[in-house]
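Q: need a structure here:
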Amino acid sequence: MDFVILGVFILLIVIIMKISSLSTRLKVMEKLLEKALFEKSEKQINTVRKALESKKNIKKETIKKESIQNPKKLSLLEIDEVKEELKQNQSQSVTLFDKYKEKFQENSFEELLFGNILLKIGIIAFILGVGFFLKYSIDKDWIPIWGRVFIGILLGISMLITGIKMVQNRHKLFSETLFGGGIAILYLSVFAAFALEGFNFISVYPAFIAMIIITILAGIISVQFNAKSTAIFGLIGGFATPFLLNTGLDNYVGLLTYMLMLNFGILFISIYKKWSLLSWMAFIITSLTVLLSVWETNNNFLILVFLYTAFFLIYSIVPFVNEIREKEQSLNVSFVFLFWMNFIVTMASYSGLFIHYKIDSLYYAVITILLAAYLLLYAFTLTKKNVLLKNLFYIVLAQALALLLITPVFIFEGNYLTLFWAIESLMLIWIATKSKEGTYGIFAFFGFAITVFRYLVFDVFYYLETLVFTSFFVIGAFFMAYKLLENSNLDFKYVQNQVIKSIILVTGVGLLFLFLNVELYHLIKLSHPLAIKFALTLLWITFGIVLFVYGIIKDIEVVKLVGTGLIILAILKAFFVDLANLNSLYRIVLFLILGIILFGLSYFYENKTTKERNK
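A: Residues are numbered from 1 along each chain as shown. As a prediction, this is how the structure comes out:
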């Protein structure tokens, strides 16, 4: 089993070395091509400019004469000449690219074979040779235990020293391979001294300290000699250390504390050298360990909350350190993604922890509020920076608002949760109109969507005794939001302001219509059950007429359309449903009222139209 672990470890090393080497080669090739094409394009532009100026000087007199005689012919000739020059330069550009492409194609296989593949095979063979030697020495008992480990450590150190010499002689690829092999042999030697059968002559603590020293050494070498692959080996070895030296005790608190310290070192290198791969690798390994620790611990709730929070704080700042220090000119998309993945993992970890320890959700709300306050403070420290940090400000602010939107779930129950979301969304609209920033409005829009879902699914059917109170705040929030947007020139960037206003207004009107139907239904059902359809039809046509008239007076097209649709629907209901189901008395009253209302509406519309024509 131990040799299976050893084999997997070596295979992982091979894969990392291959990826790192190919990445380095691709970057070099891209830079060479970009530089060559840029220089050539500049020369081509200057050549074309000089040629055009020369022709203008030569043909200056000709242009004056021929332009009077036949200007159309002359202009067509000049256009043809310019087109021909552009075609020639374009063909030159293609030829240049093809030349470099052919050059790399000619040399790529040879370089790949002798400068890369054989080098990797050689180092793998060497590491395997060391492993076989250690195994064979155990079987034959040639060398004492301490001697076997000492030989492995000596080989590892020798490879590191040789790698340093190679760097000084500008053999970067060879030196990185030696660095990786040396670090791997040092890790394997310490692991063998602790765990493999026939060795295990040192305890866990000296082995742990030795592996930490190797990890630090890998970090120093990677920074000093710009060896990314060595940093990756150090990262893998550093995170693998507690698992390789597992004593059978599930000490997740100690493990996460160790990982917290290790993350500081790795992320420092990642920021300093701008190696985003290190940040991602550290985050993935840490996140998996954190999520696993949720269900495997007991009596460590507060310590785990502290550790989870520490990881969240680290990965909320680290992705943007270079941007904050104004060392970057554009946001790294992968780091933005890392920022949000950190948020998701942290929320999932907290949720699992609270469920596992059966802690009241109110305390979860305390954590989300504190994290939201931290993110708001973080966001507002960026407000006085440059444009790039202004974009970063909205990314951080979005996460803070997301926390504020989910916080009510852990505090309120029943209709109070709907009320809070409605008020919170209205506040975001108000902030958006005052600050002229559409980002707040987008989050308010999401907040209103959650409010509507909650209102329709729970409040309308399960909280009837408080429906009037809830509806007053929810529907009022929509109409107030519409009024705020109507009086502002807020730009939502991705969606037109008019579309947002129309959606909010129609939603508010729809909720009001639903509320009136539900209340009228329950009110009539208690006193006059047979009059329910009669009452609902009158409500529909009255509501539709009010909307139609309001839309005409305020010149709001969407309100007129909704009102017209509701009037037509009420008329269809009266003729095709109520006519067959109502008794004679209700039928007579309904159609008399319907006729009077429609007659009055037609008169109003005709009168309004006539006045507008006269004006």
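Q: hey, C-alpha coordinates of stretch 243-261 in PDB?
A: This file holds the C-alpha atoms of stretch 243-261, laid out as PDB (Å, rounded to 0.1, in the frame of the first residue of the first chain):
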ATOM      1  CA  PHE A 243      -1.900  13.100   5.200                       C
ATOM      2  CA  LEU A 244       1.300  11.300   4.600                       C
ATOM      3  CA  LEU A 245       2.200  11.500   8.300                       C
ATOM      4  CA  ASN A 246      -1.300  10.500   9.400                       C
ATOM      5  CA  THR A 247      -1.300   8.900  12.900                       C
ATOM      6  CA  GLY A 248      -4.900   7.800  12.800                       C
ATOM      7  CA  LEU A 249      -6.200  10.600  15.000                       C
ATOM      8  CA  ASP A 250      -8.800  12.900  13.400                       C
ATOM      9  CA  ASN A 251      -7.400  16.300  14.600                       C
ATOM     10  CA  TYR A 252      -9.100  18.600  12.000                       C
ATOM     11  CA  VAL A 253      -8.600  21.700  14.100                       C
ATOM     12  CA  GLY A 254      -4.800  21.100  14.100                       C
ATOM     13  CA  LEU A 255      -5.000  20.300  10.300                       C
ATOM     14  CA  LEU A 256      -6.900  23.400   9.400                       C
ATOM     15  CA  THR A 257      -4.600  25.600  11.600                       C
ATOM     16  CA  TYR A 258      -1.600  24.100   9.800                       C
ATOM     17  CA  MET A 259      -3.300  24.800   6.400                       C
ATOM     18  CA  LEU A 260      -4.100  28.400   7.500                       C
ATOM     19  CA  MET A 261      -0.400  29.000   8.100                       C
END
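Q: buried set for it?
A: 244-245, 252-253, 255-256, 258-259 (16 or more other CB atoms under 10 Å). (Glycine included, C-beta is placed from N, CA and C.)
Q: narrow these to those in helices?
A: 244, 252-253, 255-256, 258-259 (DSSP state H).
Q: on that earlier part again, and the buried residues of stretch 243-261, which two are the farthest apart?
A: Spanning the widest gap among the buried residues of stretch 243-261 are L244 and V253, at 19.3 Å by CB to CB.
Q: F543 and F513 touch, don't they?
A: Yes. The pair F543 / F513 is scored as a contact, 5.9 Å apart, by CB atoms under 8 Å.
Q: what residues are shared contacts of those two?
A: Listed contacts common to F543 and F513 are L566; contacts here mean CB atoms under 8 Å, 6 or more residues apart in numbering.
Q: how about low-confidence regions in the stretch 501-615 of the chain?
A: Where the stretch 501-615 of the chain drops to pLDDT under 70, the residues are 526-527, 529-531, 578-584, 586-587, 590, 603, 612-615.
Q: repeat the analysis, applying 50 as the threshold.
A: For the stretch 501-615 of the chain, applying pLDDT under 50 flags no range at all.
Q: those helices in it, which residues are they?
A: Applying DSSP state H, counting those that start in this stretch to the stretch 501-615 of the chain gives helices spanning 532-554, 557-573, 579-581, 584-614.
Q: what's the spacing between V559 and F548?
A: 8 Å (CB to CB, to the nearest Å).
Q: again, but for F472
A: Taking CB to CB, one finds F472 at 25 Å from F548.
Q: swap in W421?
A: 31 Å.
Q: same deal with S334?
A: Where F548 is concerned, S334 sits at a distance of 54 Å (CB to CB).
Q: look up the closest residue to F448, ignoring the ones flanking it.
A: Leaving aside its sequence neighbours, F448 sits nearest to S425 (CB to CB, 6 or more residues apart in numbering; 4.7 Å).
Q: more neighbours, W421 and F548?
A: Using other CB atoms under 10 Å, the more surrounded residue of W421 and F548 is W421, with 25 against 22.
Q: test my guess that the more buried one contacts I450.
A: Yes. Using CB under 8 Å, W421 is in contact with I450, at 5.5 Å.
Q: so what sits against both of those two?
A: What both W421 and I450 touch, as defined by CB under 8 Å, 6+ apart, is the set L405.
Q: and F264, how many residues sit next to it?
A: Burial of F264 is recorded as 12 neighbouring residues (other CB under 10 Å).
Q: what distance do you get for it to Y357?
A: Taken as CB to CB, the spacing of F264 relative to Y357 amounts to 27 Å.
Q: what helix or strand is N226 on?
A: Under the criterion DSSP states H and E, no helix or strand holds N226.
Q: ok, now E413?
A: Under the assignment here (DSSP H and E), E413 is part of no helix and no strand.
Q: any low-confidence regions in this protein?
A: In the chain (pLDDT under 50), the answer is 1-6, 8-17, 19-20, 23, 59-60, 63-79, 81-83, 86-87, 89-107, 112-113.
Q: so which strand or helix has T346?
A: Assigned by DSSP H and E, T346 falls in helix 333-357.
Q: now for that helix, which elements pack on it?
A: helix 276-294, helix 301-317, helix 361-380, helix 387-406 (3 or more CB pairs under 8 Å, 6 or more residues apart in numbering; DSSP states H and E).
Q: please save the CA atoms from the second one in CSV.
A: As requested, C-alpha coordinates have been extracted for helix 301-317 and formatted as CSV (Å, rounded to 0.1, in the frame of the first residue of the first chain):
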residue,chain,number,x,y,z
PHE,A,301,-17.8,24.8,16.9
LEU,A,302,-16.3,28.1,17.9
ILE,A,303,-12.8,27.2,16.8
LEU,A,304,-14.1,26.0,13.4
VAL,A,305,-16.1,29.2,12.9
PHE,A,306,-13.0,31.2,13.6
LEU,A,307,-10.9,29.1,11.1
TYR,A,308,-13.6,29.2,8.4
THR,A,309,-13.9,33.0,8.8
ALA,A,310,-10.1,33.3,8.6
PHE,A,311,-10.1,31.4,5.3
PHE,A,312,-12.9,33.6,4.0
LEU,A,313,-11.0,36.8,4.9
ILE,A,314,-7.8,35.6,3.2
TYR,A,315,-9.4,34.6,-0.1
SER,A,316,-11.5,37.7,-0.2
ILE,A,317,-8.4,39.9,-0.2
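Q: quick check: buried residues in that helix?
A: 304-305, 307-309, 311-312, 314-316.
Q: and which of those residues is nearest I411?
A: The closest of the buried residues of helix 301-317 to I411 turns out to be V305 (CB to CB; 18.2 Å).
Q: got a list of what the closest residue to L292 other than its chain neighbours touches?
A: Counting by CB to CB, 6+ apart, Y252 is the residue found nearest to L292 once chain neighbours are left out, at 7.9 Å. Contact analysis of Y252 by CB under 8 Å, 6+ apart lists 289, 292-293, 296-297, 300, 304.
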